[in-house]
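Trainee: starting from these lines, generate the structure:
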Amino acid sequence: MSVTAVIPAYNEQFTIASIVKIVRQVPFIKEVLVVCDGCIDNTGTVAQEAGARVIHLPNNLGKGGAMMMGICNSDSEIILFLDADLIGLKVKHVVDLIEPVVLGQAVMSVGLFGKGRFATDLAQVIAPYLSGQRAMYKKLLFEINDLDMTRFGVEIALTNLVKTKNYPIAEVPLKDLTHVMKEEKLGFIKGVGARMRMYWEIAKCYARG
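Mentor: The predicted structure follows:
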């Protein structure tokens, strides 16, 4: 089964190249597709130079919208989603995420940070299914209404779908993997504001069930 890696990105020029280069080393991966979600930095150029196909969105649609653009531009049967700000990504992480779905053991795998950084590890202990690292059958994604409108609640929408239908999920430990926190990217005040907006989008998805 073919796999496309879809990486939604908004101003991640400092981390995107290393992620693309790692993913391209995985034999399962047919294509690495970076969706540059209204970026105003060099994310798109850096990603393309690293070997990704890049889709440039003129306006920021949010994570759900960027993911949907990636889905619609892939002809693979399985989609691997990765965040664009990961630190410490290794080939083993990618293979471990893909294998349960490729082998038919689960319809979706969810990657859980472990032994990376206290803040990100703690966040996934509290809410494990908020992870942006996951693989799944592409056809499942079209069962979600308004996926492109969920923004940061997209992980909740995906998890709700699979749990509602009692599909098998594989939880995959991603040892020593973490990501850049919003407060580090934007400064404390702007970072906290961005985090609160993200939590609001997530809460709306929880409320919709």
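Trainee: how about the helices in the protein?
Mentor: 16-23, 43-50, 63-72, 91-102, 118-126, 138-141, 154-164, 182-186, 188-208 (DSSP state H).
Trainee: how about the shortest one: buried residues?
Mentor: Of the residues in helix 138-141, those buried under the neighbour-count criterion (16 or more other Cβ atoms under 10 Å) are Lys138, Leu140, Leu141. To be clear about C-beta, it is placed using only N, CA and C from the backbone, and glycine gets the same treatment.
Trainee: got the CA coordinates for it in CSV?
Mentor: C-alpha atoms of helix 138-141 as CSV (Å, rounded to 0.1, in the frame of the first residue of the first chain):
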residue,chain,number,x,y,z
LYS,A,138,-7.2,7.9,3.5
LYS,A,139,-10.8,6.8,3.0
LEU,A,140,-11.6,7.4,6.7
LEU,A,141,-10.8,11.1,6.4
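Trainee: quick one: contacts of that helix?
Mentor: Residues outside helix 138-141 that contact it (Cβ atoms under 8 Å, 6 or more residues apart in numbering): 68, 71, 74, 76-79, 107-108, 147, 158, 161-162, 167.
Trainee: next one: the first one
Mentor: Where contact means Cβ under 8 Å, 6+ apart, the residues beyond helix 16-23 that reach it are 5, 7, 9, 29, 32, 34, 43, 46-47, 49-52, 80, 82, 84, 86, 89-91, 94.
Trainee: again, only using 10 Å
Mentor: Applying Cβ atoms under 10 Å, 6 or more residues apart in numbering, the external contacts of helix 16-23 come out as 3, 5, 7, 9, 12, 29, 31-34, 36, 39, 41-52, 54, 80, 82-94.
Trainee: report the buried members of the residues you listed.
Mentor: In those, burial by neighbour count holds for 3, 5, 7, 9, 12, 29, 31-34, 36, 39, 43-44, 46-48, 50, 52, 54, 80, 82-86, 88-89, 93-94, counting by 16+ other Cβ under 10 Å.
Trainee: and the longest strand along the chain with helix 43-50, angle?
Mentor: If you go by DSSP state E, the chain has its longest strand at strand 29-37. With axes from the mean of the first three to the mean of the last three Cα atoms, to 10 degrees applied, the angle from strand 29-37 to helix 43-50 works out at 160 degrees.
Trainee: so what strands line up beside strand 29-37?
Mentor: Paired with strand 29-37 in the same sheet, following DSSP bridges, are strand 3-9 (parallel), strand 53-57 (parallel).
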